[in-house]
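K.L.:
sequence and predicted structure are below.
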Amino acid sequence: MVLSRQAILTRMKAPIQSSERLVITPLLYKNENDLFDADSVDLRLGCHFLLPKALDQPFFSPDRTSANSLYVRAHIPLGQFLVVPAHQTILGATLEFIKLPSDVSGQVLTKSSVARTFIVVETAPWIHPEYRGCLTLEIANVSNTPVLLYPGRRTCQLILMLVGRPVGEQQSEPVAARSETVKSPTTYFGPVYPEGPKFKDPQDDLLDIGVARVSTLRRGELCRQKEGWIDEFCVRQGSRKARRVRLP
Amino acid sequence: MPTGLVDVLHDASVLYRFVEFIGEYCRQQKRSQTYVGSAAVFFQYVEQLAAGIQDELRREVERAAKGSPRLATLRRNMRTFRGYLRLLHTLIKPAADAHSLTIPGPLVDLACQQLQEVDGMADSRVLILLTPEFMYFQRPHTDIKGQARDIEAFIPSASFPPKLGFIEIPYSQGPSFFTNLAIYHEIGHFVYEELSNRKPSHGGFRTLASVKDRCLNKAFNLRSSTVTAGARNAVRVERNRQALALAEKILENWTQEIFCDLFALRLIGPAFSFAFIEMIGMLGVSPTQRVTFTPDHPAPACRFAEQVKLLREDSWWKEIEDLQAEQRQFLQESASIPPRRYTFLLDENHRGPRKLLDAFVTDLVPAIKDLVCQLTRRAVPSVERFRRVQDGIQQSFRAGVMPLTDTPDKCDPVCIINAAFCFYLTAVREIVESFNGPGHDNDVALHSEWKNRIEMWTMKAVEDSQFMRRYKKVQRYGPF
């Protein structure tokens, strides 16, 4: 069930310690109607960004050490703008810090007016219960024209949904106070700026499902030969035994 | 071609190229980074100066080539330009490094706003520099401004930004929030230098100067010893004169340090004392060091005693006296050391005159405090408001949420900073256990991660409070 505006506002007034408390801060609006729709809340674009940078190697390896090598940080203060070139993607964040209640999931969608400029916000839009932090937004300009983004403008909307309870538990019953138990922080806990991905190394990830030998390419393992750009590279086996192979 | 023109032409073209590089460097930095404080104004000045010097060089060399006998003047002017550019050169790179990704911008903005509320400091601005030293400094600006005035006679199109202070932050501490509260102390140095050198001089500083003279009279019994001794023995007079000059310098150093401590405390509350203790690692100082005055600094015990006195007078102390933190304990212990235990060492082997120390503590320190209170009367935060919101802010942290800024009370950045700092000092273990479960009590990495998170949340809350303040103004008065 999607939470209505009234339900959202009620949850925003719950005590801060309550597991039912929804936090969206700061809330900047002229009239309540500007920000709150019947079933959603508009969120503004924050001032910090991660911009893609030219890599010093011809690939990106999603592992623990390379995770943040894709980006360069940028700060665009309110009143300034950022140009997103055509067919480019960047990471931004919401200006608002949010905390979801323990029984509510959220989804972030592009505001329709923004979407009509061919800017797409969020490709991984789901937010789990008890998420805390400013939301990292994957922003893509899928148009053929560079587009200006102004921090502080309403860019996306948050839709909140009640998470179903196990059979036998009434939806109206108060959620067990999670504050009394241990709340394990999620992978992304409490960021106030956009965050790059947090990966485990592929070997560690795949070992969980029984894959013991994993080929990986690591930074610095590419060799540049005299006659060609890249014709040889090292393959590292999961068992950490390395051998050299020739590329086709 | 007039004799010597070739050499002058060479020198002028080298200077021309140097100036061009500096101007271009500033333009590039402005384009590629965002700056807080007054960096943009400063870079603008450097660009204008560079363009002005280039024009001047072109004009003067052309005149000289036409036979105008001005080569000597041109050489002299180039020396002046070079000297000033050498000085600016030391500021430009550290200023360029201090962009909004490397310093806590919201804190600098807040400090600048508060600075402008200080009596006589309206329209003042601060330029942040990143320094390789592991210490905070205020770069004295009187000399720079003096030279800038001289240059203005040649290049009227570039006028040095008025009331500009230079504060240096260690590059490693750039992004951290609480340690950087030490900039308030450095801003105090800027205020002191600015107001004490102003002409006509500030009334409060005139009073302070007369108290300082009184202290010197008291310490050296001037009328009876210096003057009469002078009549008898010229060597002794000279020695007394030197001793007096040294004592005057020492008193000035001590005065400035106490002034800056109290100034920072008035503007930002006890958070400054905590930051100061953290920054200079006071928790590890020996009992002897704690009570020792040096020619540059008053004894830490004296500094903290004065801070505690002011915190009591401003009603802050009641709010922190139960804080279960080593920092609070250190403050309290320092304040309880009686002044008679203070010592004054000129160097490792020589004690300084006890009378000077006593005169400083009994006469000068109260006068410094009066002056600080007078200057900052419009800039002091509300302790009453802190009392009202402290719990709420700390409960937010406990719930794993950054401090909210949804009411005018909660929007006060000084309250946010103090409540957050108290939480940071006392409750990290609790929050680690609450969110990560038991068994992580001694996990340094996890504690560090949480401390960083608390600092980030505090900085965001301070930034949000500034958004909210602007937004409320628009709500009330319309767009401005």
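P.N.:
It's in.

K.L.:
use CA for all of it now, contacts and neighbours both
P.N.:
Fine.

K.L.:
tell me if I am right that residue A:93 is in a strand.
P.N.:
Yes: under DSSP: H, G, I helix; E, B strand; the rest coil, residue A:93 falls within a strand.

K.L.:
and the nearest residue to it once chain neighbours are set aside, what does it touch?
P.N.:
Nearest non-adjacent residue to residue A:93, counting by C-alpha to C-alpha, 6 or more residues apart in numbering or on different chains: residue A:136, 4.3 Å away. Shown in contact with residue A:136 (C-alpha atoms under 8 Å, 6 or more residues apart in numbering or on different chains): A:91, A:92, A:93, A:94, A:193, A:194, A:195.

K.L.:
hang on, the first one packs against residue A:51?
P.N.:
Yes: contact status for residue A:91 versus residue A:51: in contact at 6.5 Å, counting by C-alpha atoms under 8 Å.

K.L.:
which residues are common contacts for those two?
P.N.:
Counting by C-alpha under 8 Å, 6+ apart, nothing touches both residue A:91 and residue A:51.

K.L.:
more neighbours: which of the two?
P.N.:
Taking other C-alpha atoms under 10 Å in any protein chain shown, residue A:91 and residue A:51 do not tie; residue A:91 has more neighbours (22 against 17).

K.L.:
next up, the contacts around the more buried one.
P.N.:
Applying C-alpha under 8 Å, 6+ apart to residue A:91 gives the contacts A:49, A:50, A:51, A:136, A:137, A:138, A:139, A:194, A:195.

K.L.:
what about the last one, which SS state?
P.N.:
Pointing back at residue A:195 there. Applying three-state DSSP: residue A:195 is coil.

K.L.:
what's the separation between residue B:52 and chain A?
P.N.:
29 Å (C-alpha to the nearest C-alpha, to the nearest Å).

K.L.:
ok, now residue B:246?
P.N.:
From residue B:246 to chain A the distance is 48 Å (C-alpha to the nearest C-alpha).

K.L.:
same check, this time on residue B:417
P.N.:
Residue B:417 sits 17 Å away from chain A, going by C-alpha to the nearest C-alpha.

K.L.:
equivalent analysis for residue B:141, please.
P.N.:
In this view, residue B:141 and chain A are 29 Å apart by C-alpha to the nearest C-alpha.

K.L.:
how about that residue, phi and psi?
P.N.:
Residue B:141 has phi and psi values of phi -110, psi -10 when expressed as degrees, to the nearest 10.

K.L.:
does it really touch residue B:162, like I thought?
P.N.:
No: look at residue B:141 against residue B:162 with C-alpha under 8 Å: they stay out of range, at 10.8 Å.

K.L.:
who's more crowded, the two?
P.N.:
residue B:141 (15 against 10).

K.L.:
what sits against that one?
P.N.:
Shown in contact with residue B:141 (C-alpha under 8 Å, 6+ apart): B:164, B:165, B:166, B:193.

K.L.:
the same query, at a cut-off of 7 Å, please.
P.N.:
Neighbour list for residue B:141: residue B:165 [criterion: C-alpha atoms under 7 Å, 6 or more residues apart in numbering or on different chains].

K.L.:
do you know how far it is from residue B:30?
P.N.:
23 Å (C-alpha to C-alpha, to the nearest Å).

K.L.:
for residue A:210, same thing?
P.N.:
Using C-alpha to C-alpha, residue A:210 is found at 53 Å from residue B:30.

K.L.:
nearest to chain A: which residue in the stretch 351-480 of chain B?
P.N.:
Using C-alpha to the nearest C-alpha, residue B:435 is the residue of the stretch 351-480 of chain B that sits closest to chain A, at 4.7 Å.

K.L.:
who in the stretch 1-150 of chain B is up against chain A?
P.N.:
B:34, B:100, B:101 (C-alpha under 7 Å from any C-alpha of the partner chain).

K.L.:
go again using 10 Å as the cut-off
P.N.:
B:32, B:33, B:34, B:35, B:36, B:99, B:100, B:101 (C-alpha under 10 Å from any C-alpha of the partner chain).

K.L.:
so what's the fourth one up against?
P.N.:
Which is residue B:35. A:75-77, B:29, B:41, B:95-103, B:105, B:127-128 (C-alpha atoms under 10 Å, 6 or more residues apart in numbering or on different chains).

K.L.:
change it to 6 Å
P.N.:
By C-alpha atoms under 6 Å, 6 or more residues apart in numbering or on different chains, residue B:35 lies in contact with B:99, B:100.
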